[in-house]
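In: Take a look and give me a structure for this.
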Amino acid sequence: MHAPPTAPPRRRARTLGFAALAVALLMTVPTARTAFGQDAAPLAGGGDLGPNVMVFDPATPGIQAKVDDVFRKQESAQFGDGRYALLFKPGTYDNINAQIGFYTSIAGLGLNPDDTTFNGDVTVDAGWFNGNATQNFWRSAENLALNPVNGTDRWAVSQAAPFRRMHVRGGLNLAPAGYGWASGGYIADSRIDGQVRPYSQQQWYTRDSSVGGWLNGVWNMTFSGVEGAPAQSFPEPPYTTLDTTPVSREKPFLYLDGDAYKVFVPAKRTNARGTSWGNGTPQGESIPLERFYVVKPGASAATINAAVRQGLHLLFTPGVYHVDRPIEIDRADTVVLGLGLATIVPDNGVTAIEVGDVDGVKLAGLLVDAGPVDSDRLIEVGPDGASAGHAANPTSLQDVFVRIGGAGPGRATTGIVVNSNDTLIDHTWLWRADHGDGVGWETNRADYGLRVNGDNVLATGLFVEHFNKYDVEWAGENGRTIFFQNEKAYDAPNQAAVQNGSIKGFAAYKVDDSVTTHEGWGLGSYCYYNVDPTIRQDHGFEVPVKPGVRFHDLLVVSLGGQGQYEHVINDTGSPTSGTSTVPSKVVSFP
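Out: Have a look, this model is predicted:
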């Protein structure tokens, strides 16, 4: 796989056993001046959650005013540095309307969503952007029960805005007021008693949930393991429905056990259907906060790595973290959980996070923001050449987002590289910015979004956009993707800039010629070449023609005729046409 000739040698997996590692660490602690800046003692686990974590109980005075104040700061702060987590202890909260802006997470602190009930709403709308929700990114709602005031809650978002482990005792509206534009989103492990109404939402993925009904679909509505989902009917209505999700594990979350904070790590499920919490206590492991190093802004990568070597998990509090070396997660079953869209920025071209070829690491709730010096890769799961099997206890990435440019200059050759076998990628948005600061074809150069070399990797909810070459390149065997949303790079200057040998344009999703088994369901790619609308793209999807390579329910769209696709997948599928913004669809391939 790609590695520039000048790239440093890649890290290899460590083989030092945990017991030996602990002994080695204790032997070196008294002189660990470089890690902590002083003679170091072992780091303490637990601690307070920092000033940008706001914890409420039903008796807290002025809850609405405090939530409104955060929203005023964050409503339009698309590229700001504010980060907030709004956490609600178990109980009932009356007359609440929690409007959620950028880099804001709202969550209940019960073990089950119904432990924390709002007689009110958790709202995302698009007033800040004239009723257009296509830039409502980077926010989340988790682990709450809602009794919406008017019977229907509104969650009008696009990418990187998960709605997880929620119980809506009514309906859910996924479009902004007035039904302005909206473009993509994600629901998991949630129960919506009433009807879900996407209205203008162009594409959406729902996993392992329960819905009381689903109103409509525009281009690509995909479901796996969803009770009450509409029947399979692609291309019209555009519903892709799988009865179960082959493998899933819900995101870890912070909760209160009495007065003690713990992190619950849900168990892996196979052939999952419905929520993980609907039949009593969910299956999984509770880890006391004392076993976490609570990371706060200003912490160095050396300190963070020392905490992991010491045997602690990591809980990143809301903030922006600059690292001058990779955060290394080489211990099996380590949990790395971010609150409030905690953001990691690699300095001097380093990799932000490197995960060893070990079992059961959980990365969740993090945004990695590329720095101005090119990083060969921003996140690496398993070193190059990783070969161990992890089917019984896979590593998972959940709500892990990557951004190159937008908040300022940023460059990376690849967003995420997955080398470890059996990895679960559950909801990621990898975004080479098309607006904001530091944006331009070469200014925020990033050739590849996701590159998969490991075998048996499953992606559920894969959003990858605007990379200079392949958005996704998959070389591992037996890969599977359920739902893929993509836009090609807007800013290609001309046809020559995207020419791929004899092929016009780089496919959004490329399966390497060596692969013999791969499968995908519910995949879409869109083009909007606004610099040179004459650009032609041979296809959105490029795959080897082999019996084990199968795709279901694909589409490509030219947005307003700004560029065109000649085919959908390889040489199959009709070209997009003119300015009609009508998808070209393929039900099955081959």
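In: Okay, now the unreliable bits of this protein?
Out: Counting by pLDDT under 70, the chain contains low-confidence ranges at 1-41.
In: Show me how far the host helix or strand of Val586 is from its chain's centre.
Out: If you go by DSSP states H and E, Val586 is part of strand 584-589. Centre-to-centre, strand 584-589 and its host chain are 26 Å apart (Cα atoms, centre = their mean, to the nearest Å).
In: what does stretch 225-242 give?
Out: Distance, centroid of stretch 225-242 to centroid of chain: 23 Å (Cα atoms, centre = their mean).
In: mind listing the helices for the stretch 1-150 of the chain?
Out: 18-28, 33-36, 63-74 (DSSP state H, counting those that start in this stretch).
In: just the CA coordinates of the longest one, formatted as PDB?
Out: This points to helix 63-74. C-alpha atoms of helix 63-74 as PDB (Å, rounded to 0.1, in the frame of the first residue of the first chain):
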ATOM      1  CA  ILE A  63     -31.000  24.400  33.400                       C
ATOM      2  CA  GLN A  64     -32.600  25.900  30.400                       C
ATOM      3  CA  ALA A  65     -30.700  29.100  30.600                       C
ATOM      4  CA  LYS A  66     -27.400  27.200  30.900                       C
ATOM      5  CA  VAL A  67     -28.200  25.000  28.000                       C
ATOM      6  CA  ASP A  68     -29.200  28.100  25.900                       C
ATOM      7  CA  ASP A  69     -26.000  29.800  26.800                       C
ATOM      8  CA  VAL A  70     -23.900  26.900  25.300                       C
ATOM      9  CA  PHE A  71     -26.100  26.900  22.200                       C
ATOM     10  CA  ARG A  72     -25.600  30.700  21.700                       C
ATOM     11  CA  LYS A  73     -21.800  30.100  21.700                       C
ATOM     12  CA  GLN A  74     -22.000  27.000  19.500                       C
END
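In: Going by neighbour count, which residues of that helix are buried?
Out: 63, 67, 70-71, 73-74 (16 or more other Cβ atoms under 10 Å). To be clear about C-beta, it is placed using only N, CA and C from the backbone, and glycine gets the same treatment.
In: which residues sit against it?
Out: Defining contact as Cβ atoms under 8 Å, 6 or more residues apart in numbering, one finds that helix 63-74 is touched by 54, 56, 60, 80, 82, 84, 86, 93, 95-104.
In: Narrow those to just the buried residues.
Out: Judged by 16+ other Cβ under 10 Å, buried ones among the contacts of helix 63-74: 54, 56, 82, 84, 86, 93, 96, 98-104.
In: And the residues you listed, which is closest to Trp277?
Out: If you rank the buried ones among the contacts of helix 63-74 by distance to Trp277 using Cβ to Cβ, Tyr93 comes first, at 19.6 Å.
In: Surely Val226 touches Arg207?
Out: Yes - counting by Cβ atoms under 8 Å, Val226 does reach Arg207; the two are 7.0 Å apart.
In: And the strand holding Val586, what does it pack against?
Out: Contact here means 3 or more Cβ pairs under 8 Å, 6 or more residues apart in numbering; DSSP states H and E; on that basis strand 584-589 packs against strand 549-558.
In: thinking again about what came up before, which residues are contacting the strand holding Val586?
Out: Outside strand 584-589, the residues touching it (Cβ under 8 Å, 6+ apart) are 234-235, 238, 541, 543, 550-557, 565, 567-570, 572-576.
In: if you set the cut-off to 7 Å instead, what comes out?
Out: For strand 584-589, the external contacting residues (Cβ atoms under 7 Å, 6 or more residues apart in numbering) are 234-235, 550-556, 565, 568-569, 572-576.
In: List buried residues within those.
Out: Buried by 16+ other Cβ under 10 Å: 234-235, 551-556, 565, 568-569, 572-573, 575-576, out of the contacts of strand 584-589.
In: Check those residues and tell me the two furthest apart.
Out: His552 and Pro575 (21.0 Å).
In: mind checking how far stretch 545-556 is from the chain centre?
Out: 24 Å.
In: can you tell me how far the residue nearest the centre of the chain sits from Thr481?
Out: With distances taken as Cα atoms, centre = their mean, Thr428 lies nearest the centre of the chain, 2.3 Å away. To Thr481, Thr428 is 11 Å away according to Cβ to Cβ, to the nearest Å.
In: now Gly406
Out: Relative to Thr481, Gly406 is positioned 25 Å away (Cβ to Cβ).
In: So the two - more neighbours on which side?
Out: A direct count of neighbours by other Cβ atoms under 10 Å for Gly406 and Thr481 places Thr481 higher, at 25 against 22.
In: which residues touch the more buried one?
Out: Here Thr481 is in contact with 459, 462, 520, 523 (Cβ under 7 Å, 6+ apart).
In: tell me what the strand or helix carrying the first one is packed against?
Out: Put plainly, it is Ala459. Using DSSP H and E, Ala459 falls within strand 458-465. The helices and strands touching strand 458-465, judged by 3 or more Cβ pairs under 7 Å, 6 or more residues apart in numbering; DSSP states H and E, are strand 203-207, strand 245-249, strand 424-432, strand 479-487.
In: All good on my end, thank you.
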